[in-house]
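Asker: Structure of the sequence below:
(2 chains)
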Amino acid sequence: MSKKERTAIQPTREENYAEWFQQVVRAADLAENSEVRGCMVIKPWGYAIWENIQKALNEMFRETGHRNAYFPIFIPKSYFEKEAEHVEGFAKECAVVTHSKLEEDGKGGLKPAGELTEAYIVRPTSETIIGASFAKWVNSYRDLPLLINQWANVVRWEMRTRLFLRTTEFLWQEGHTVHETSEEAMEETLQMLEVYARFASEFLAIPVIKGEKTEGEKFPGAVNTYSIEAMMQDKKALQSGTSHFLGQNFATASGIRFQNREGEFQHAWTTSWGVSTRLIGALIMAHSDDDGLVLPPKIAPSHIAIVPIYRDDAEREVVMAMANRIVESFKGARIDDVRVYTELDNRDLTSSERNWYWIKKGIPLRIEIGPRDVASNSVMIARRDLGPREKQSVEMENVVDYCLKTLGEIQKNIYERALKFRQENTVKIDSKDEFYAFYTPKNAEQPEIHGGFALSHWCGCPDCEEKIKDDLKVTIRCIPFNQDEEDGNCINCGAQSKRRVVFAKSY
RNA sequence: CGGGAUGUAGCGCAGUCCGGUUAGCGCGCUCGGUUCGGGACCGAGAAGUCGGAGGUUCAAAUCCUCUCAUCCCGACCA
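Answerer: Next up, the predicted model:
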């Protein structure tokens, strides 16, 4: 094996997908495991991606009339107990605060003391604590709709964790709204799902399937749950955002009542919806390759790495002068509403080392400038979505235009690549044998990557859903929107069905 | 919470079975120099309570007991 064929990330996706994912996170310096079990430390390059996600979503939420606010991290146990299904769904994974101080234990350590009269739960989600405030804020139909969003950390005590995909503590955004009518709340629920779908495709360059969750997969306490589902490169589904129609369940539990237009008191209708740092996991698994992270320009922390190459002081001077001119020329540059950032990397490392550093970090464009380029008044530009050695010589005067145009092309290209991948791995299956064969790995030694999305009929009964889950670990990801009615037979029991659903293995 | 494994330098490991000089190796790090258009090289250097406690022994990373932690595999999950 020659050195040229070596990939920056080892193992490759094909060799060991799970390990590849971890190595990409590490190579790009996005995050690391904390000393605290199940928790992650998000490092600057990873956090910058999150900040860009926040920025884009904040603007979208603003356009739909939502405002940001902040509620306590501690939820009194009694609030939590008010919604039975909600309790059942989250009880097993709650961190509970029972004491308010520490005392010396007489053995050189400390012990909890000052037991609280009522335990607090560290929020796994905030419906109940926000509901308590909403109950006070809402008195009249004139107070509605109430459209609030919160950016926060939440804690769910998970058994097994993976950076960005499932951690004990994670960051997210949770929207909570209150409405006068059921119709309006449902409209809101679907509107926000649409916002998520648009955000995923336009900014993250990830195509998603919108649909409704089955009874078994819905949010504890919700009437209906809707989600966007994305396909990762190992052909598994990743739930990337959820929007819940909560009916009057939480309004009843929290006492969110208002006087309607007829002067009567009634419970309001609420929704909640969220996306989390899991989106960064989606980003990684949707686009990255065996050389590391690949970032869509509209969400990348920085867009262009400039790598000057020189051997001595004389070369250094002319090369750096040109590099600085390029940095200068990008001041104020934008792609759509996103500001374009550059990184001038003249660290005392070999040029190839600096190049690979930025490849692994997923920066969309690299500009190399050496003495030869200075002589010809041009630079070499490489796109991250193409091979690491595919470089284009560009005249100095065209550099900015070329880069801005190319950043747009990269954004489009990686979206289309992801869409094509999903289409190629989505199949209609009507026979049970075929369905089971589809989800049975062909290569026993490397069973990770197989299957895909199966569009199959389902009769609607939880038993059939459960049976397939038990047999194959395949679940119904969603009942997709926008599909025509079609006669068919349930993939498990053969009963009459009017619709296909999306089956897949999932994260 | 059940089954399996592992704790030795920042990271990855060897050494443990069969106790015996000053505990090694690779990567990384620091300093100096040569390099720089596809993951450089040379020289010097710093860095270790061998997970913890107790025991056996002239002698323990190595044997015994207890303990703690982590990872993998299963049931639950954005």
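Asker: for the residue in the stretch 301-450 of chain A positioned nearest to RNA strand B, what are its contacts?
Answerer: Residue nearest to RNA strand B within the stretch 301-450 of chain A (CB to the nearest atom of the strand): A:G370, separated by 1.9 Å. Where C-beta positions appear, they are placed from N, C-alpha and C, glycine not excepted. A:G370 makes contact with A:308-310, A:315, A:319, A:351, A:380 under the criterion CB atoms under 8 Å, 6 or more residues apart in numbering.
Asker: In strands only, show me those residues.
Answerer: When DSSP state E is applied, these are split such that A:308, A:380 fall in strands.
Asker: May I ask which two of the contacts of A:G370 are separated the most?
Answerer: The span of these, defined through CB to CB, is set by A:E315 and A:M380 at 15.7 Å.
Asker: Generate a PyMOL selection restricted to the buried subset of the contacts of A:G370.
Answerer: Applying 16 or more other CB atoms under 10 Å to the contacts of A:G370 leaves a buried subset, and the PyMOL line that selects it is:
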select buried, chain A and resi 308+309+310+319+380
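Asker: so which of the contacts of A:G370 also contact RNA strand B?
Answerer: The subset of the contacts of A:G370 lying close to RNA strand B, counting by CB under 7 Å from any atom of the strand, consists of A:309-310, A:351, A:380.
Asker: And the next helix or strand past the longest helix belonging to chain A?
Answerer: Using DSSP state H to define each element, chain A has its longest helix at helix A:399-424. Beyond helix A:399-424 on the C-terminal side, the first helix or strand identified by DSSP states H and E is strand A:426-428.
Asker: The helix or strand following that next one - contacts with which helices or strands?
Answerer: The first helix or strand that comes after strand A:426-428 along the chain, using DSSP H and E, is helix A:432-438. Packed against helix A:432-438 by the contact rule (3 or more CB pairs under 8 Å, 6 or more residues apart in numbering; DSSP states H and E) you find strand A:453-457, helix A:462-472.
Asker: for these, which one ends up most surrounded?
Answerer: Ranked by mean neighbour count, the helices and strands packed on helix A:432-438 are led by strand A:453-457 with a mean of 23 (mean count of other CB atoms under 10 Å).
Asker: Other residues contacting that strand?
Answerer: Taking CB under 8 Å, 6+ apart as the rule, strand A:453-457 contacts A:209, A:231, A:235, A:237, A:422, A:425-430, A:435, A:438-439, A:474, A:477, A:488-491, A:497, A:499-504.
Asker: Please list which of the residues you listed are also close to RNA strand B.
Answerer: Okay, of those, nothing touches RNA strand B (CB under 7 Å from any atom of the strand).
Asker: For the stretch 151-300 of chain A, what lies in contact range of RNA strand B?
Answerer: Residues of the stretch 151-300 of chain A lying near RNA strand B by CB under 7 Å from any atom of the strand: A:156, A:158-160, A:165-168, A:170, A:217, A:219, A:227, A:239-240, A:242, A:276-278, A:291.
Asker: So among these, which ones count as buried?
Answerer: Among these, the ones that count as buried by 16+ other CB under 10 Å are A:156, A:165-168, A:170, A:217, A:219, A:227, A:239-240, A:242, A:276-278, A:291.
Asker: Farthest pair within the residues you listed?
Answerer: Farthest pair in those, by CB to CB: A:F219 and A:D291, 38.0 Å.
Asker: follow-up on the earlier one: got TSV for the helices and strands packed on helix A:432-438, with distance to RNA strand B too?
Answerer: Output for the helices and strands packed on helix A:432-438, formatted as TSV (distance: least, CB to the nearest atom of the strand, whole Å):
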stretch	distance to RNA strand B
strand A:453-457	16
helix A:462-472	8
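Asker: Quick one: the ones you listed as a markdown table, columns for mean pLDDT too.
Answerer: Converted to a markdown table, these look like this (pLDDT from 0 to 100):
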| stretch | mean pLDDT |
| --- | --- |
| strand A:453-457 | 96 |
| helix A:462-472 | 90 |
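Asker: Now distance to A:N346 too, for the ones you listed, in JSON lines please.
Answerer: Converted to JSON lines, those look like this (distance: least, CB to CB, whole Å):
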{"stretch": "strand A:453-457", "distance to A:N346": "46"}
{"stretch": "helix A:462-472", "distance to A:N346": "54"}
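Asker: first vs last residue of stretch A:487-503, how far apart are they?
Answerer: Terminal residues of stretch A:487-503 are spaced 18 Å apart (CA to CA, to the nearest Å).
Asker: So for that stretch, what gets flagged as buried?
Answerer: By 16+ other CB under 10 Å, the buried positions in stretch A:487-503 come out as A:488-492, A:497, A:499-503.
Asker: Just the strands from the stretch 101-250 of chain A, written as ranges.
Answerer: In the stretch 101-250 of chain A, the strands defined using DSSP state E, counting those that start in this stretch lie at A:110-122, A:146-155, A:169-179, A:209-212, A:224-231, A:237-245.
Asker: What mean pLDDT does the fifth one get?
Answerer: Strand A:224-231 shows an average pLDDT of 97 in the prediction.
Asker: Quick one: work out the angle between it and strand A:237-245.
Answerer: 160 degrees (axes from the mean of the first three to the mean of the last three CA atoms, to 10 degrees).
Asker: Just want the angle from strand A:224-231 to strand A:453-457.
Answerer: Going by the same axes, to 10 degrees, strand A:224-231 makes 140 degrees with strand A:453-457.
Asker: Which residues does strand A:224-231 contact?
Answerer: Contacts to strand A:224-231, defined as CB under 8 Å, 6+ apart, come from residues A:186, A:189-190, A:193, A:196-197, A:200, A:206-213, A:217-219, A:237-245, A:282, A:286, A:418, A:421-422, A:425-426, A:452-453, A:477-478, A:502, A:504.
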